[in-house]
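> could you work out the structure for the sequence below:
(chains A and B)
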Number of protein chains: 2
Amino acid sequence: MGEFDLISRYFHRPARRNPLGVGDDCALLAPAPGRQLAVSCDMLVEGRHFLSTVDPARLGHKALAVNLSDLAACGAAPLAFTLALSLPSADETWLAGFARGMWALADAHACELVGGDTTRGPLNVCITVFGEVPAGQALLRSGARAGDDVWVSGSLGDARLALEAFRGTLALPADTFAAARARMETPTPRVALGRALRGIASSAVDLSDGLLGDLGHVLAASGVGATLHTAAILPLLAAGPSACDAAWALTCVLAGGDDYELAFTAPPGRHDAVEAAGRASETPVTRIGRIDATPGLRLLAADGSPLQQRFDGFDHFA
Amino acid sequence: MGEFDLISRYFHRPARRNPLGVGDDCALLAPAPGRQLAVSCDMLVEGRHFLSTVDPARLGHKALAVNLSDLAACGAAPLAFTLALSLPSADETWLAGFARGMWALADAHACELVGGDTTRGPLNVCITVFGEVPAGQALLRSGARAGDDVWVSGSLGDARLALEAFRGTLALPADTFAAARARMETPTPRVALGRALRGIASSAVDLSDGLLGDLGHVLAASGVGATLHTAAILPLLAAGPSACDAAWALTCVLAGGDDYELAFTAPPGRHDAVEAAGRASETPVTRIGRIDATPGLRLLAADGSPLQQRFDGFDHFA
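Here you go, the predicted structure:
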């Protein structure tokens, strides 16, 4: 199977919104009048972002999901994506699985593949995603204000729990491991919630490197600080308190990485609107703290005393 | 140096046209009214697209150049790009060189870096580029018509000549090698020519896999064939006829790959307009054949007799 056969067999579909579709030197996109194009790009490398043993369908899902998660954080509606793929070989079973997982998620979000590149090399998946947002209404990292509530969607820490089980650091019951592994391998991009939060949230970020690290970007961009309640955050580990000891649970929920949930802020007066956005998008939302004027991130234990432990977000080069 | 230091040191500049700049979950882009966004994506892998010994500044240039070349083929004006980079380590000398080469070319084309991703892994550079084109005026592969002239820009085959010298298949005089190597490592995207050809050329494609292979895409998309004159094509090897034997010269110019010139078609009545576009963009253009109604690609030798030799375009998986 040659390069062009590979593309036409697995990655070619008739164009819908894109006037050209896959195959010309460029794809052509035009956002609707009054809308901006939101663009994001994530690269997944074997051994860093996924294990070599991962089910290719789950990898196809994840490669697109982590990109859709960036659109979600901006409140953008998915439109299209490009796929660049470096493959050690043209393995048809692998390609069929990868394409199946990718297309299922793309179809669920009406997100069209408009172009890309395939080459031989170490396994690497690079997707650039395009979404639409009404001009001036994108959710940004810079909008958090002192007094805002800090919220987070869904559950936190289970992806890290699964990774530690793979590493052998922890032992998990089989069904707990299967559920945590599904969170790690097939994250759910919170696209509907992000769109529902436009005009409600004052800032948002998607959680790829861990809550504390990613929320830190919001605080830095907004010039504020925050106080978070670990008593509100610890129950967000879907695996529950019996899955691991308390120190591991805290590391997983605060600095686990690979969550692909949204952390966002909103004025206290928009509390009901946030909860309504969560219900409308069928996404759990939990208030976990408050934005302060004082820079820095403060963690409070269940009894209200400050937690001194240091948690580092994931850094590929640290 | 951590991941975020690395980004801020080498890949962060104040935003110009992009309302956000590097750092939020998405970049925001809005093409001007009446314009479409042209999007393309190319991934460069060490050992496939560049040698491990390449000067990082030249690699930074090439990674962006091959993407700008796709915009050129559509007649689009460069606007912005995203950069995803997988690096074995955060080597500051390498990064400074790579960034210098990349920024020099980006600045020359007023093309803004709006986002990206950095990770640790085997060296891989994936750029997605965005350009603007008046709606409906993009040059496409599907517009060639029987009777059109076939044209090519610049010179052909020198990049392949340099590759063969690196491989030891050929020996070149030092200055010939240096010039051919510069063609391989720092290709010139024909952006100004592509824009000048809007409304003149009936189809266009950029030459990355070799003239015959890439022109084959135009013929397939347009449902036509072509007859090319090798006597017009052979002199396009800038290294000249003394650089290698005639068979190698023919392979290099017809199926060399890595040329990043434009091949395009235009009605014979637009001959003067094509030459004027070449002069206006300071880009040599050469007529090399004609489009036929009969499918297939026919090569004629200097005496007008058909050439039977088979030339394969570059295919990563063939």
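> for the stretch 101-250 of chain A, just list every one of the helices.
Using DSSP state H, counting those that start in this stretch, the helices of the stretch 101-250 of chain A run over residues A:158-167, A:174-185, A:191-196, A:211-222, A:230-233, A:246-255.
> tell me the most buried of those?
helix A:191-196 (a mean of 24; mean count of other Cβ atoms under 10 Å in any protein chain shown). The way it works is simple: take the backbone N, C-alpha and C, and place the C-beta from them, glycine included.
> residue A:93 and residue A:55, how far apart?
Per Cβ to Cβ, to the nearest Å, residue A:93 is found 11 Å from residue A:55.
> okay if I get the helices of the stretch 101-250 of chain A as TSV plus mean pLDDT and distance to chain B?
TSV is the format used below for these (pLDDT from 0 to 100; distance: least, Cβ to the nearest Cβ, whole Å):
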stretch	mean pLDDT	distance to chain B
helix A:158-167	95	16
helix A:174-185	96	17
helix A:191-196	98	9
helix A:211-222	95	7
helix A:230-233	95	21
helix A:246-255	92	15
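> if we compare the ones you listed, which one ends up closest to residue A:48?
Nearest to residue A:48, of all these, is helix A:158-167, at 11.6 Å by Cβ to Cβ.
> and that closest one with helix A:246-255, angle?
In terms of direction (axes from the mean of the first three to the mean of the last three Cα atoms, to 10 degrees), helix A:158-167 departs from helix A:246-255 by 130 degrees.
> against which helices or strands is helix A:158-167 packed?
Judged by 3 or more Cβ pairs under 8 Å, 6 or more residues apart in numbering or on different chains; DSSP states H and E, helix A:158-167 is in contact with helix A:174-185, helix A:246-255.
> what's the closest of the ones you listed to residue B:44?
For the helices and strands packed on helix A:158-167, the distance to residue B:44 is smallest for helix A:174-185, at 28.1 Å, taking Cβ to Cβ.
> pLDDT weak spots in chain A?
Across chain A, the ranges flagged by pLDDT under 70 are A:14-23, A:310-318.
> the strands in it, which residues?
Counting by DSSP state E, chain A has strands at residues A:27-29, A:35-45, A:77-87, A:112-120, A:124-134, A:149-153, A:203-206, A:225-229, A:262-266, A:285-292, A:296-300.
> reformat those strands into JSON lines and put distance to chain B and mean neighbour count next to each item.
Below are those laid out as JSON lines (distance: least, Cβ to the nearest Cβ, whole Å; neighbours: other Cβ atoms under 10 Å in any protein chain shown):
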{"stretch": "strand A:27-29", "distance to chain B": "4", "mean neighbour count": "26"}
{"stretch": "strand A:35-45", "distance to chain B": "3", "mean neighbour count": "25"}
{"stretch": "strand A:77-87", "distance to chain B": "4", "mean neighbour count": "25"}
{"stretch": "strand A:112-120", "distance to chain B": "5", "mean neighbour count": "23"}
{"stretch": "strand A:124-134", "distance to chain B": "4", "mean neighbour count": "26"}
{"stretch": "strand A:149-153", "distance to chain B": "14", "mean neighbour count": "24"}
{"stretch": "strand A:203-206", "distance to chain B": "6", "mean neighbour count": "29"}
{"stretch": "strand A:225-229", "distance to chain B": "18", "mean neighbour count": "20"}
{"stretch": "strand A:262-266", "distance to chain B": "10", "mean neighbour count": "29"}
{"stretch": "strand A:285-292", "distance to chain B": "18", "mean neighbour count": "20"}
{"stretch": "strand A:296-300", "distance to chain B": "16", "mean neighbour count": "16"}
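> just so I know, which of those lies nearest residue A:3?
Of all the strands of chain A, it is strand A:112-120 that lies closest to residue A:3, at 5.7 Å by Cβ to Cβ.
> so how far is that closest one from its chain's centroid?
21 Å (Cα atoms, centre = their mean, to the nearest Å).
> let me see the contact set for residue A:285.
Residue A:285 is in contact with A:151, A:152, A:153, A:193, A:274, A:275, A:277, A:278, counting by Cβ atoms under 8 Å, 6 or more residues apart in numbering or on different chains.
> pretty sure the last one contacts residue A:153?
Yes: look at residue A:278 against residue A:153 with Cβ atoms under 8 Å: they come within range, at 7.4 Å.
> so what sits against both of these two?
Each of A:193, A:284, A:285 lies in contact with both residue A:278 and residue A:153 under the rule Cβ under 8 Å, 6+ apart.
> nearest to residue B:1, of these?
Distances from residue B:1 to the shared contacts of residue A:278 and residue A:153, taken as Cβ to Cβ, are shortest for residue A:193 (34.8 Å).
> can you tell me the closest non-neighbouring residue to the residue in the stretch 101-250 of chain A that chain B sits nearest to?
Residue nearest to chain B within the stretch 101-250 of chain A: residue A:121 (3.4 Å; Cβ to the nearest Cβ). Of all residues not flanking residue A:121 in the chain, residue B:45 sits nearest, at 3.4 Å (Cβ to Cβ, 6 or more residues apart in numbering or on different chains).
> what sits against that neighbour?
Contact analysis of residue B:45 by Cβ under 8 Å, 6+ apart lists A:86, A:119, A:120, A:121, A:122, A:124, B:122, B:123, B:124.
> got it, and residue A:87?
Going by Cβ under 8 Å, 6+ apart, residue A:87 touches A:94, A:95, A:118, A:119, A:120, A:121, A:123, B:317.
> between the shared contacts of residue A:278 and residue A:153, which sits nearest residue B:40?
Nearest to residue B:40 out of the shared contacts of residue A:278 and residue A:153 is residue A:193 (Cβ to Cβ; 31.5 Å).
> that older thread, to residue B:299, which of the helices and strands packed on helix A:158-167 lies closest?
The closest of these to residue B:299 is helix A:174-185. By Cβ to Cβ, the value is 50.8 Å.
> what residue spans form the domains of chain A?
Listed by automatic domain parsing, the domain ranges of chain A are A:3-134, A:141-300.
> figure out which of those is closest to residue B:174.
Closest to residue B:174 of the domains of chain A is domain A:3-134 (Cβ to Cβ; 31.3 Å).
> just give me how far that closest one sits from the chain centre.
The answer for domain A:3-134 is 15 Å, by Cα atoms, centre = their mean.
> on that earlier part again, can you add distance to residue B:265 and give the domains of chain A back as TSV?
Compiled in TSV, the domains of chain A are given as follows (distance: least, Cβ to Cβ, whole Å):
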stretch	distance to residue B:265
domain A:3-134	14
domain A:141-300	42
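> so who does residue A:44 touch?
Residues near residue A:44 by Cβ under 8 Å, 6+ apart: A:50, A:59, A:62, A:63, A:66, A:124, A:125, A:126.
> who's the first one bridged to?
Beta-bridge partners of residue A:50, counted by DSSP bridges, are residue A:46.
> what does the last one give?
Taking DSSP bridges, one finds residue A:43, residue A:84 as the beta-bridge partners of residue A:126.
> quick one, what contacts the residue positioned nearest the centre of chain A?
Centroid check for chain A by Cα atoms, centre = their mean gives residue A:260 as the closest residue, at 2.7 Å. By Cβ under 8 Å, 6+ apart, residue A:260 lies in contact with A:65, A:66, A:69, A:187, A:188, A:189, A:190, A:206, A:207, A:208.
> repeat the analysis, applying 7 Å as the threshold.
Listed by Cβ atoms under 7 Å, 6 or more residues apart in numbering or on different chains, the contact partners of residue A:260 are A:65, A:66, A:69, A:187, A:188, A:189, A:206, A:207, A:208.
> ok, residue A:117 next?
By Cβ under 7 Å, 6+ apart, the residues touching residue A:117 are A:84, B:41, B:42, B:43.
> ok, those vs residue B:201, which is closest?
Among the contacts of residue A:117, residue B:42 lies closest to residue B:201 (Cβ to Cβ), at 21.9 Å.
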